[in-house]
Structures are given as structure tokens and as C-alpha cells.
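coords please:
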Amino acid sequence: MSSATFHFPTPGVRALLTLALDFRKRMYAPLPWGYYDSVVHFTRVRADLDVGLPAVAAALDHHVAGVPEDELWRAVEWLDARQQQEGGGAQAASGGDGWRPPVWVAAGKP
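Next comes the predicted model:
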């Protein structure tokens with residue numbers, strides 16, 4: 001179960017929201033047998049929070065639906081190339097302990 005807490009700022013303030021998209025359902029090729037890791041892509045969307053939570057949720061849904069598939073696959077290809085450079089190969093997708101150090105971490109305000 002996941003939850004989120006929204007703190008609405010003063011009226012007229014727009015927020016930049018970062019989302020982790022699970023795109024397993026959008027993959028045209030099946031995942032390898034035994035794959036149990038996450039398939040996520042990070043994206044950002046700006047939302048006017050003073051319009052209310054239902055409108056913000058609708059804007060997020062619209063944004064997520066509009067993320068093009070080629071953008072998702074570019075991220076997969078980038079990660080694969082990075083694993084090849086580090087000598088990881090395809091092990092993370094087909095076995096191993098499933099743990100990898102973070103590829104990218106963001107902190108603070110944009």
C-alpha cells in the first residue's frame with residue numbers, strides 16, 4: 001500500500017511533481033522468466049495545486065498517458081548501455097540478487 005500527502009501552497013503557486021511510472025504494461029516484449037524487479041521511468045509534470053486534488057490527479061493521469069513509448073525505451077537502452085560499461089550485462093534482468101546501486105539521485109528543489 002502506498003500513500004501520498006499533499007501540502008497545498010498559497011494560491012497561484014505551481015508545483016513540479018516527479019513521478020515514477022511503472023511501465024510493465026506498455027512493454028511489447030515480455031519480461032524474462034523470473035524477473036521480479038521494478039520497471040519504472042521518472043517523469044516530471046507541472047500542476048497548479050490550487051485547482052484542487054481531483055484536477056491535479058486528472059492532469060497527472062493525462063501526462064502519464066501521454067508519455068511516448070520511445071521515451072521509455074530510450075531510458076531502457078541508456079540503462080542497458082550503462083550496465084554493459086560496468087560489466088553487469090543482462091544479469092539484473094535474469095537473476096542475481098536484484099540489488100543495484102542507484103543510477104541517479106536528486107535532492108532539493110528544482
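
packing partners for the helix ranked longest in the chain?
Assignment by DSSP state H gives helix 69-85 as the longest helix of the chain. Where contact means 3 or more CB pairs under 8 Å, 6 or more residues apart in numbering; DSSP states H and E, helix 69-85 is packed against strand 40-48. To be clear about C-beta, it is placed using only N, CA and C from the backbone, and glycine gets the same treatment.

who touches the strand it packs on?
If you take CB atoms under 8 Å, 6 or more residues apart in numbering as the criterion, strand 40-48 is touched by 14-23, 55-56, 59-60, 63-64, 67, 71-72, 75, 110.

buried ones in that strand?
Within strand 40-48, the residues scored as buried using 16 or more other CB atoms under 10 Å are H41, T43, V45, A47.

Check which element follows it along the chain.
Going down the chain from strand 40-48, the next helix or strand is helix 53-65, by DSSP states H and E.

I'd guessed L72 sits against F23; true?
Yes - the criterion here is CB atoms under 8 Å, and L72 meets it with F23 at 5.2 Å.

how about low-confidence regions in this structure?
1-14, 24-40, 86-110 (pLDDT under 70).

ok, 80 please
In the predicted model, the chain carries pLDDT under 80 at residues 1-52, 67, 69, 71-80, 82-110.

Compute the number of surrounding residues for A57.
12 (other CB atoms under 10 Å).

can you tell me which residues contact it?
Contacts of A57 by CB under 8 Å, 6+ apart: none found.

that older thread, could you pick out the buried ones from the contacts of strand 40-48?
For these, buried by 16+ other CB under 10 Å: A15, L17, L21, F23, V56, A59, H63, V67, L72, A75.
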